[in-house]
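[1] sequence unknown, structure follows:
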């Protein structure tokens, strides 16, 4: 028996493998590969696919799983940490884009409903493409990365009410008030259902399933929850996608969300590939070629509108012009959720077939150029921002002078800390403990405001600009620590610092070792890569566990650092210049802490000379912790009490035997 759908699946996945391999060679996102696969295999391409309706069903499953995963990854607690960026930045970007697109569409003669709906579509950017590129560049934790993430989160959330409003804008009912009331009642029902399910029903169900330790049953249960809630919302006249998001939200509040995500993720990847392929299949390539000048015009207009609005949103969040431009150059494209929303618009008459082709063409062009723009967006931002700087960076918000704020230390022979993340905070704590004057430069205005209230000597500014560096008297500092997560900005900061002073000692923190050489070339005195320092710290603790002498461990780690981590970088360390006279003479002893739980009076309540611990177990007790006090003076007359913690030295096997004895009859 031949299954037509099976051959189509083989064609799609096989062609996708070839296309994506080609795209990966040019470092293009996988999503673009799926879209290109759809264009090639679709009815407007080589017409390789026959069961297009069945492919659309698979694509719909992909949409459900995509929003289900988004819902599971959505956390109210994590959202609270960046709520200002999400709410203020996201709302500014989405609402302003909708407003501008609405005005433009009205000028071209479209109705209010069609104009607002097109604003909905254009306002959404590609979460999948942008975050993937920023992660690959190591800039997801950079200032622009945090703003982009916050805005994209808001877009992912706002698509749900957009789906609810679309039928009303389609004019399917004349009584808008009743429709809004009915929709509100449905929404209240769904919210109450989600809260009850998330608080009581689903945790109890998943707990019962998890106790069985059956992976198959757990996956089945999660999938049933996803599709059951999607079916429920669909029955209420709401979208399947909304139900899938709500189902994910229900599971996200439980302790099983991470396991559920890891189980569903492979299914999502397969089915969402069909979604993007189905979008590519809908693109009429001949239509694009015939109307390319108009499509190019609307593409450029979309890029300008979205890029400008996103830049303004970042400026409202009080980020400098350079960072704001990077944000605008990151989320100028139309994203995957716009494709999901467009299907709703077609159903309710807000998007004609011709306009849909224009929308698809513009969307795919903006997504296609995104990787190239972000690759060079630092240089592009510099070119765009040059006319506004007039060769001089204006004083940013909240930068202050020592004279204006007496809480800042005297800026002479001080430490300059650029970036107030985890590393910056630790350097500041160490400097404060050592009573060394320091000043911090940070780009997050909220952090600056909060830390100033706590008395930290912190100023707001972009350390890329020499004026900011001069303002904090960097030329009089002794040490500068650059501890930010933006590799490109780090290089520019090093260059700016060396233009001001060659005297100060410049320490730079990087994430990856491949960034070291360029930072040294630009003038850094020390470059500390996190990946190697983590390895050194782990190995140091390993050697401590083997009781190696501390001076030998310190000499060994110092040799690795002084050789610029060559031993860790080269193949198995064979090409390293590090001296190999580090002799690992591992002692066959172990130091351990053991709690006394036994009630055996042969151990407890007797002095050590009578209990015979050393002779019976071949271990030596070197210290005892009792009631929070540590007893170091151990002799033959020392008593052992129940609940004591014994610090013993001996061979691993003997210590294990003694530990088992101390646990006997302990419960």
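    That came through fine. Everything numeric here is computed off the predicted structure, so don't read it as measured data.
[2] residues of the longest strand along the chain that come out buried?
    Longest strand in the chain by number of residues (criterion: DSSP state E): strand 619-626. Neighbour-count burial for strand 619-626 flags 619, 621, 624 (criterion: 16 or more other C-beta atoms under 10 Å). Bear in mind the C-beta positions are built from the backbone N, C-alpha and C, glycine included.
[3] try stretch 637-647
    640, 644, 646-647.
[4] ok, so of these, who is nearest residue 373?
    residue 647 (60.7 Å; C-beta to C-beta).
[5] pLDDT score assigned to the residue nearest to that closest one when sequence neighbours are not counted?
    In space, and not counting its chain neighbours, residue 647 is closest to residue 623: 4.1 Å by C-beta to C-beta, 6 or more residues apart in numbering. At residue 623, the model reports a pLDDT of 90.
[6] start at 786 instead
    In the new numbering, first residue 786, that becomes residue 1408.
[7] still on that earlier bit, turn the buried residues of strand 1404-1411 into JSON lines, columns for distance to residue 1328.
    Converted to JSON lines, those look like this (distance: C-beta to C-beta, whole Å):
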{"residue": "1404", "distance to residue 1328": "23"}
{"residue": "1406", "distance to residue 1328": "25"}
{"residue": "1409", "distance to residue 1328": "27"}
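[8] what's the closest of those to residue 1170?
    Looking across the buried residues of strand 1404-1411 and measuring by C-beta to C-beta, the closest to residue 1170 is residue 1409, at 66.4 Å.
[9] for the nearest residue to the closest one once chain neighbours are set aside, give me phi and psi.
    Once flanking residues are discounted, residue 1409 sits nearest to residue 1416: 4.4 Å by C-beta to C-beta, 6+ apart. Phi and psi for residue 1416, reported as degrees, to the nearest 10, are phi -100, psi 120.
[10] could you list every residue that touches residue 1416?
    Contact analysis of residue 1416 by C-beta atoms under 8 Å, 6 or more residues apart in numbering lists 1408-1410, 1423.
[11] nearest to residue 1278 among those residues?
    Of the contacts of residue 1416, the one sitting nearest to residue 1278 (C-beta to C-beta) turns out to be residue 1410, at 48.3 Å.
[12] and the closest one, bridged to which residues?
    Counting by DSSP bridges, residue 1410 forms beta bridges with residue 1415, residue 1430.
[13] ok, residue 903 - contacts?
    886-887, 890, 895, 1136, 1140, 1144.
[14] do that again at 6 Å, thanks
    886, 890 (C-beta atoms under 6 Å, 6 or more residues apart in numbering).
[15] mind pulling the model confidence for it?
    Reading off the confidence values, residue 903 has pLDDT 94.
[16] so it belongs to a helix, correct?
    Yes. With DSSP: H, G, I helix; E, B strand; the rest coil as the criterion, residue 903 is part of a helix.
[17] roughly how far apart are residue 883 and residue 1094?
    10 Å (C-beta to C-beta, to the nearest Å).
[18] apologies, that question was intended for residue 1377.
    Taken as C-beta to C-beta, the span from residue 1377 to residue 1094 is 62 Å.
[19] more neighbours: which of the two?
    Neighbours per residue (other C-beta atoms under 10 Å) separate residue 1377 from residue 1094, with residue 1094 holding more: 25 against 15.
[20] so which strand or helix has the nearest residue to the more buried one once chain neighbours are set aside?
    Leaving out its chain neighbours, the residue that sits closest to residue 1094 by C-beta to C-beta, 6+ apart is residue 881, at 4.6 Å. Taking DSSP states H and E as the definition, one finds residue 881 inside helix 875-892.
[21] that helix packs against which elements?
    helix 897-908, helix 928-954, helix 1077-1101 (3 or more C-beta pairs under 6 Å, 6 or more residues apart in numbering; DSSP states H and E).
[22] residue 1405 against residue 1434, yeah?
    Yes. When contacts are counted by C-beta atoms under 6 Å, residue 1405 is listed as touching residue 1434 (4.9 Å).
[23] check the secondary structure at residue 1225 for me.
    Strictly by three-state DSSP, residue 1225 counts as strand.
[24] ok, now which ones touch it?
    1202, 1205, 1243.
[25] residues near the nearest residue to the second one once chain neighbours are set aside, how many?
    When you say that, I think you mean residue 1205. Excluding the flanking residues, the one nearest residue 1205 by C-beta to C-beta, 6+ apart is residue 1227, at 4.3 Å. Neighbourhood size, residue 1227 [other C-beta under 10 Å]: 25.
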